[in-house]
Every structure is written in structure tokens, then in C-alpha cells.
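Participant: my questions concern the predicted model and sequence given below.
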Protein chains: 2
Amino acid sequence: MEPIAIIHNQYTDRFAIPRQSGSTDLLSVVVFLPKYRDENSLRHIEEFSHLWLIWHFSEIHQEGWSPTVRPPKLGGNKRVGVFASRSPYRPNALGLSHVKLIGVRKTKEDGAVLLVEGGDLMDKTPIFDIKPYLKSDAVQGAKGGYAVDANTFLKVDFEGQAWENLSPEERQRLASVLREDPRPGYQNDERRYAFFFDRYEVFFQIKDGTVYLDEIKNAAD
Amino acid sequence: MEPIAIIHNQYTDRFAIPRQSGSTDLLSVVVFLPKYRDENSLRHIEEFSHLWLIWHFSEIHQEGWSPTVRPPKLGGNKRVGVFASRSPYRPNALGLSHVKLIGVRKTKEDGAVLLVEGGDLMDKTPIFDIKPYLKSDAVQGAKGGYAVDANTFLKVDFEGQAWENLSPEERQRLASVLREDPRPGYQNDERRYAFFFDRYEVFFQIKDGTVYLDEIKNAAD
């Protein structure tokens, strides 16, 4: 099995990735590898509003798998079976995400690429397969176990000076990452934390359910 | 990538497989390979009503892939891109299906197995990954392109003598396969066709939208 495509977006740090497919509107570009770069393979794909991506947890792969995992959504305190989770630490490190298809764009450098929205894949993630989302994939009334109501967002404080250097669009994107609590692992104290997002290194603190932006540095500096 | 499990069910012939995940109530058993046979990996899985299976089109794999395919649902006349289809003839021959989780059963021979319903996987299909179906996987109002309304069933004629040797349960299961038109490829004439189902070889004809059961032989004879 080899990748057919690579995704490109602003999630340059795993802590910036949304917890769940569909929870942001950040745009990603799916670029096919030269061997699979054939416009015909996308014929009629724009009739579908959503796609499935099957991809590789390539960052995690080497760390192996474990029969039980502690989902961050459960605060890291409860162990569940790896097959009862979407954890990356699984025997075959496959990820599954649905994305909204914005469209097919023809580019000079990369041929026909897919513009998609709402994915939870990190920048440069290798993709193994792309399938249309069928109406029958939407199971009415599926019972979701522990993961159902876990998507509660933090409040984002926009007062800090650090926001001033960002464009309105950047502000919105960064806020959508911050509200999901990008602290690593199961850490939930009020210390200053940092992560990379797009071309920035972002410093923040969380107090009483609110995220405060401390500082933004250009990662290239 | 190696399989973690094998599925077992009555779909012993690829022409008997439902066109779509979820369209039958046939039961399948997911048996883990010894290396991945650990009850802990299933802990809390029963809190989910549905699961995703990512599997291998192992029967098809050797036949390679094509940038365009002709979905049987479109009568085999229209070509669409392979990534705009769920065709097995894709670069990485991965299948994706949701199934209803009936439960976990502890068996003497195979350890803890999963009982699932509604899959479209052929008997003995290797499975690469099992994930819980999350509520967020159900995309409301996803637009399904050509595949949306294609699931029209044939009428099944129960008058023929061949039905008499089957139990009520077998009749129901066989009818659910026949109504999906198990003729190979794009053949749609009134000739007598055959396929294997469970331990039977099944002979049938289709006339004016109705399936007639001609004969049932025990495949082992």
C-alpha cells in the first residue's frame, strides 16, 4: 500500500488538529502523487458534496499500538479498547475522515487537485484512498457511546494584544483551533503552552474555560 | 499493513454481496487473527450501535485499478472517476462499510468475536481496521450524486418449487440477495444465471423486473 495523495493545510502541528472531522471550516488541498495524477479519476466527483479520506497516521506510526487507549475526550482517565476508539495508536495506523468537497481545481504545478473543508488531517498527511460519501453512510440515530457529547468548546478571549497582528481570517482560523484546547495529552493546568499553526508559533494559557492568546511568533524567525 | 481480522458470513460468491452496506440484515462474525486477539481491545465497544470496517478487496486486488470505472448502478454505461466511485478497482483496494454492532461474543475457539449485521463484505474478507461509528459521521443532507436513488429492488417470485427446500429464514436471506440482481457485470438478459450463496448454488432468471428461482443445489454435492 502506498499513498495516492498528500494533503496540504495549515495544521502544521498535531496539537492544532481539530478533535473531529467536520468541526472547522479550514480549507485543505489534496494533491495527487504523480503516479496517480489523472484528471479522469475525478470525473463526476463534484456531484458529491462530501468525500471520505482514508489516510495514514504517519507521525504516530512508529510509536506502535496498544489494546487499550485513553481518549483525550474522556480526560485521559478512562481506558477503552483501541477498536472502540479513533485513536491513532492502532494496529494499522489508518485514519478515516469525511470532508466537504469544495471543488476540483486545475493547477499548473500539481495537475487537478481537490479543495476540501473540515478535515482533521495534519499538513502533509499521506492519503491512501478517496471515496464519495454516500447518502447511506449517514446512519440515522447511530448511538455514539462516550464520544457523543464530548465536543464542548472553550471560550476564546480576543482582547489580548497578540491578536492584532492577524488578519480577520487568520483570527477566525486560530480561534477555531484554540477553542478545541490544543494542550498536549492530558495536561489541563494554567501554564503557558505553545503549538505551531500555519507559519506561526502560538503561545496561550487556559483559565476557567477561557483561552487567552499570549503571543504569536513567526515560526521562521 | 496486515489484516487484523477475517469476516465470516454466507456471502460465498461476489455476485451475492449486497450492493450497499446496510441493505440486508445478514449476520456476519468478525474473528480476530491470533496476534490481535485481545478482549481488551474491544472494551466499551458495545456502547456504539455501529462500526466502520476498513477492509481489503482481496478477490479483486490482482486485477489492478483503472482511472475510470462503470458503476453497475448506472447500468454499466456511464464512466465515472474511480475516486467518484466505491469500485473495488482502485489503487489501494480498500473497502469501507458500516455495520450494525449486535454484540461481542466470547467463543472457545476464536476468543472474543464481533457479531455484526448489514455488511457488504464477502465471506473471508480480510479486515484492516475497525472503528466506532461516531455521531458526527452522519452528515446531514450529504448530496450523493449518481448513487443516491439507485437502490431499486427487483420483485421476488416465491411460487417456484425450488423455494420449498429452504427454511423460512433461508428464504428471507436468499430473497434479500436475489432482489438486488446478482447477475454478473452488466448482463441483464433473461438467461438462466447461477451464483453461490452459503452452501448452495442458486439458479435464477429475471424477467420484467421479477426474479424467479429455478433451482437450488447443495454446493458440496
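Facilitator: In hand now; what should we look at? Residues are numbered from 1 along each chain as shown, chains lettered A, B, ... in the order given.

Participant: biggest strand in chain A, by residue count?
Facilitator: Looking across chain A with DSSP state E, the single longest strand is strand A:94-107.

Participant: direction included, what does it pair up with?
Facilitator: Strand pairing for strand A:94-107, using DSSP bridges, gives strand A:50-56 (antiparallel), strand A:111-117 (antiparallel).

Participant: any buried residues in that strand, and which?
Facilitator: By neighbour count on 16 or more other C-beta atoms under 10 Å in any protein chain shown, the buried set for strand A:94-107 is A:94-102, A:104. C-beta: built from backbone N, CA, C; applies to glycine.

Participant: how about a markdown table for these, with pLDDT added?
Facilitator: Below are the buried residues of strand A:94-107 laid out as a markdown table (pLDDT from 0 to 100):
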| residue | pLDDT |
| --- | --- |
| A:94 | 96 |
| A:95 | 96 |
| A:96 | 96 |
| A:97 | 95 |
| A:98 | 95 |
| A:99 | 94 |
| A:100 | 94 |
| A:101 | 95 |
| A:102 | 94 |
| A:104 | 96 |
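
Participant: which of those residues lies closest to residue A:193?
Facilitator: Taking C-beta to C-beta as the measure, residue A:193 lies nearest residue A:95 of the buried residues of strand A:94-107, at 24.3 Å.

Participant: OK, contacts around the closest one?
Facilitator: Contact analysis of residue A:95 by C-beta atoms under 8 Å, 6 or more residues apart in numbering or on different chains lists A:53-57, A:86, A:88, A:121, A:125.

Participant: between these, which sits nearest residue B:13?
Facilitator: residue A:54 (26.5 Å).

Participant: can you count the residues close to the closest one?
Facilitator: Residues near residue A:54, counting by other C-beta atoms under 10 Å in any protein chain shown, number 21.

Participant: what residues are bridge-paired with it?
Facilitator: Residue A:54 has these beta-bridge partners by DSSP bridges: residue A:96, residue A:129.

Participant: what sits against it?
Facilitator: A:94-96, A:127-131, B:54, B:92, B:94, B:96.

Participant: give the rounded mean pLDDT of stretch A:8-21.
Facilitator: Computed over stretch A:8-21, the mean pLDDT rounds to 75.

Participant: not counting it itself, show me its contacts.
Facilitator: Contacts to stretch A:8-21, defined as C-beta under 8 Å, 6+ apart, come from residues A:24, A:26-31, A:59, A:72-73, A:97-99, A:118-124, A:150-151, A:173, A:176-177, A:180, A:182-184, A:195-199, A:219, B:134, B:136-137.

Participant: out of those, name the ones that lie in helices.
Facilitator: The helices, defined by DSSP state H, take in A:173, A:176-177 from the contacts of stretch A:8-21.

Participant: mind putting those into TSV with distance to chain B, neighbour count and pLDDT?
Facilitator: Formatted as TSV, the ones in helices among the contacts of stretch A:8-21 follow (distance: C-beta to the nearest C-beta, whole Å; neighbours: other C-beta atoms under 10 Å in any protein chain shown; pLDDT from 0 to 100):
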residue	distance to chain B	neighbour count	pLDDT
A:173	20	20	85
A:176	15	17	84
A:177	17	25	86
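
Participant: save these as CSV, and put in distance to residue A:203 too.
Facilitator: Compiled in CSV, the ones in helices among the contacts of stretch A:8-21 are given as follows (distance: C-beta to C-beta, whole Å):
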residue, distance to residue A:203
A:173, 17
A:176, 18
A:177, 13
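
Participant: which one of those is nearest to residue A:141?
Facilitator: Using C-beta to C-beta, residue A:176 is the member of the ones in helices among the contacts of stretch A:8-21 that lies nearest residue A:141, at 28.2 Å.

Participant: distance of the closest one relative to residue B:94?
Facilitator: For residue A:176, the distance to residue B:94 (C-beta to C-beta, to the nearest Å) stands at 30 Å.

Participant: for the longest strand of chain A, C-alpha coordinates in PDB please.
Facilitator: Taking Å, rounded to 0.1, in the frame of the first residue of the first chain, the C-alpha atoms of strand A:94-107 are listed here in PDB:
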ATOM      1  CA  LEU A  94      -5.400   4.200   9.400                       C
ATOM      2  CA  GLY A  95      -7.400   7.400   9.800                       C
ATOM      3  CA  LEU A  96     -10.900   7.900   8.500                       C
ATOM      4  CA  SER A  97     -12.400  11.400   7.900                       C
ATOM      5  CA  HIS A  98     -15.200  12.900   6.000                       C
ATOM      6  CA  VAL A  99     -14.600  16.300   4.300                       C
ATOM      7  CA  LYS A 100     -16.800  18.700   2.400                       C
ATOM      8  CA  LEU A 101     -15.800  18.800  -1.200                       C
ATOM      9  CA  ILE A 102     -15.400  22.400  -2.300                       C
ATOM     10  CA  GLY A 103     -14.300  21.600  -5.800                       C
ATOM     11  CA  VAL A 104     -11.700  20.400  -8.300                       C
ATOM     12  CA  ARG A 105      -9.100  22.900  -9.300                       C
ATOM     13  CA  LYS A 106      -6.700  22.600 -12.200                       C
ATOM     14  CA  THR A 107      -3.200  23.800 -11.300                       C
END
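
Participant: most distant residue from the middle of chain A?
Facilitator: Distance from the C-alpha centroid of chain A peaks at residue A:40, with 27.9 Å (C-alpha atoms, centre = their mean).

Participant: sec struct for that residue, please.
Facilitator: helix (DSSP: H, G, I helix; E, B strand; the rest coil).

Participant: hmm, it is touching residue B:67, no?
Facilitator: Yes: using C-beta atoms under 8 Å, residue A:40 is in contact with residue B:67, at 4.3 Å.

Participant: overlap of the contact sets of these two?
Facilitator: In contact with both residue A:40 and residue B:67: residue B:81, using C-beta under 8 Å, 6+ apart.

Participant: what packs against the lowest-mean-pLDDT helix or strand in chain A?
Facilitator: One helix or strand of chain A scores below all others by mean pLDDT, DSSP states H and E: helix A:168-178, with a mean of 86. Packing contacts for helix A:168-178, counted by 3 or more C-beta pairs under 8 Å, 6 or more residues apart in numbering or on different chains; DSSP states H and E, involve strand A:193-197, strand A:200-207, strand A:210-218.
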